[in-house]
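*Asks:* for reference, the sequence and a predicted model appear below.
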Amino acid sequence: MKKSEIKKVMVYDQGLAGQPHPSFWQNMAKLQRLLQGEQVEFVRLCCHCENPQQAVLSIEQVIKAESPDLLVIAATPLGEEVAPALGVRLKTGVAAHCADIVINGEDRIAYMVPAFGGKVIGEIFIPGSRPAIATVKPGVFSYDKKDAADYREILCDCISEDSCGLRIVETEEIAQQQSAIEKAELIFCGGFGIGSKESWQKLEALAKKTGGGAGCTRPVVDMDWGPDEYYMIGTSGKTVRPKVYIGFGISGAAHHLCGIKDADIIISINNDKNAEVFAASDYKAVLDANQVIDRLAEKL
Ligand SMILES: Cc1cc2nc3c(=O)[nH]c(=O)nc-3n(C[C@H](O)[C@H](O)[C@H](O)COP(=O)(O)OP(=O)(O)OC[C@H]3O[C@@H](n4cnc5c(N)ncnc54)[C@H](O)[C@@H]3O)c2cc1C
């Protein structure tokens, strides 16, 4: 889809009517920046259906009535269920977990999505079908109040749950297990190269001592070395913006790097001098991660 072909952009807001979800502002501001100067109508689609199937069927009606060219959905647990189901029902393309949305050299909208196990960032195009649907993790786009411009609001009429094959019989609030990394100015991040649960605990201790946060990559969660997904940084985890990020034993897969691209300073410690992470780092140290962790524990 060419930039000039976009006439209507819709952002699905999963927040309350008077209280937009933070991801709404992030996505709306990003799209308004991206399409600045174009004749585009921006629409906030506010939908309160909690049942994902109810949300899909209700939003489908709005889409059919409004015919937007682009629909952006926050990749929350609800959004991640709604987006592909809408894609199937509307016979359109979905670019999931975008790390960025850009206008490329040919003036086309490209959805930047990590591919091949995070080794590359793929440019996804949705040329023919409408609306192009893109999902974006909350926090991927930064938001500044001055970015906000006009948009129209549509309050979606939730269809009755009786029309759905899926019903919510009970809801249980999960205790907020928020790790502090989203707000931390200093992050100690452990990768597979730290090698053990003990090393993860040392990183957590360093974070506690310095008032920083401890984060990790996917393998550290999978190995059960301690942290759960709330500590994971990357496309499936958190997006962080610390002043200083120190990565220990991390290879530099795009899935992880997407989550740290806005860090002011990236310091990487890896024992492989050719590790890809070094290309994305401001400072690099070809050293054993555990030796550095121990030295920092002594010094700090
Ligand atoms: C759809 C999808 C989504 C994903 N989402 C995420 C995500 O959100 N976040 C995420 O992190 N990953 C995610 N991944 C996984 C991602 O692609 C990578 O596999 C992962 O980030 C690699 O983690 P790593 O760098 O810790 O491990 P590895 O790639 O195994 O790298 C380990 C590094 O440690 C170095 N090393 C080894 N021993 C030492 C030592 N003693 N001292 C110093 N260095 C050492 C090695 O040289 C190597 O570079 C996702 C994958 C997919 C397919």
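*Replies:* Perfect, thanks for sending it.
*Asks:* quick check: the residue nearest the centre of the chain vs the ligand, distance?
*Replies:* The residue lying closest to the centre of the chain (CA atoms, centre = their mean) is Lys137, at 2.4 Å. When distance is defined by CB to the nearest ligand atom, to the nearest Å, Lys137 is 9 Å away from the ligand. The C-beta positions use only the backbone N, C-alpha and C, and glycine is treated the same way.
*Asks:* nearest residue to that residue other than its sequence neighbours?
*Replies:* Spatial nearest neighbour of Lys137, excluding adjacent residues (CB to CB, 6 or more residues apart in numbering): Ala75 at 4.7 Å.
*Asks:* what does the stretch 201-300 of the chain put close to the ligand?
*Replies:* Proximity of the stretch 201-300 of the chain to the ligand is confined to 217-219, 232-237, 249-251, 253, 255-256, 269-272, 275, 288-290 under the rule CB under 6 Å from any ligand atom.
*Asks:* of those residues, buried ones?
*Replies:* 217-219, 232-237, 249-251, 253, 255-256, 269-270, 275, 288-290 (16 or more other CB atoms under 10 Å).
*Asks:* picking up where we left off before, quick one, phi psi at the residue nearest to Lys137?
*Replies:* phi -80, psi 60 (degrees, to the nearest 10).
*Asks:* isn't it right up against Ala134?
*Replies:* No: using CB atoms under 8 Å, Ala75 is not in contact with Ala134; the gap is 9.4 Å.
*Asks:* more crowded one of the two?
*Replies:* Each of Ala75 and Ala134 had its neighbours counted (other CB atoms under 10 Å), and the higher figure belongs to Ala134 (26 against 20).
*Asks:* give me the element whichever residue of the stretch 1-150 of the chain sits closest to the ligand is part of.
*Replies:* Residue nearest to the ligand within the stretch 1-150 of the chain (CB to the nearest ligand atom): Gly118, separated by 3.0 Å. Counting by DSSP states H and E, no helix or strand carries Gly118.
*Asks:* wait, is Thr171 part of a strand?
*Replies:* No: counting by DSSP: H, G, I helix; E, B strand; the rest coil, Thr171 falls outside a strand, being coil.
*Asks:* ok, and the closest non-adjacent residue to it?
*Replies:* Counting by CB to CB, 6+ apart, Thr171 lies nearest to Glu50, which is 7.6 Å off, once chain neighbours are set aside.
*Asks:* give me every residue that touches the one you found.
*Replies:* When contacts are counted by CB atoms under 8 Å, 6 or more residues apart in numbering, Glu50 touches 78, 168, 171.
*Asks:* same deal with Ile246?
*Replies:* Here Ile246 is in contact with 186-189, 267-269 (CB under 8 Å, 6+ apart).
*Asks:* and these, which of them are in strands?
*Replies:* 186-189, 267-269 (DSSP state E).
*Asks:* and of those residues, the nearest to the ligand?
*Replies:* Ile269 (5.8 Å).
*Asks:* near the ligand, which residues of the stretch 1-150 of the chain? Just list them.
*Replies:* So the stretch 1-150 of the chain meets the ligand at 117-118 (CB under 6 Å from any ligand atom).
*Asks:* tell me where the stretch 1-150 of the chain has strands.
*Replies:* With strands called from DSSP state E, counting those that start in this stretch, the stretch 1-150 of the chain shows them at 8-13, 41-46, 70-74, 94-95, 100-103, 109-115, 120-124, 132-136.
*Asks:* I'd like those as TSV, with distance to Asp228 appended.
*Replies:* Below are the strands of the stretch 1-150 of the chain laid out as TSV (distance: least, CB to CB, whole Å):
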stretch	distance to Asp228
strand 8-13	27
strand 41-46	31
strand 70-74	21
strand 94-95	27
strand 100-103	27
strand 109-115	22
strand 120-124	27
strand 132-136	22
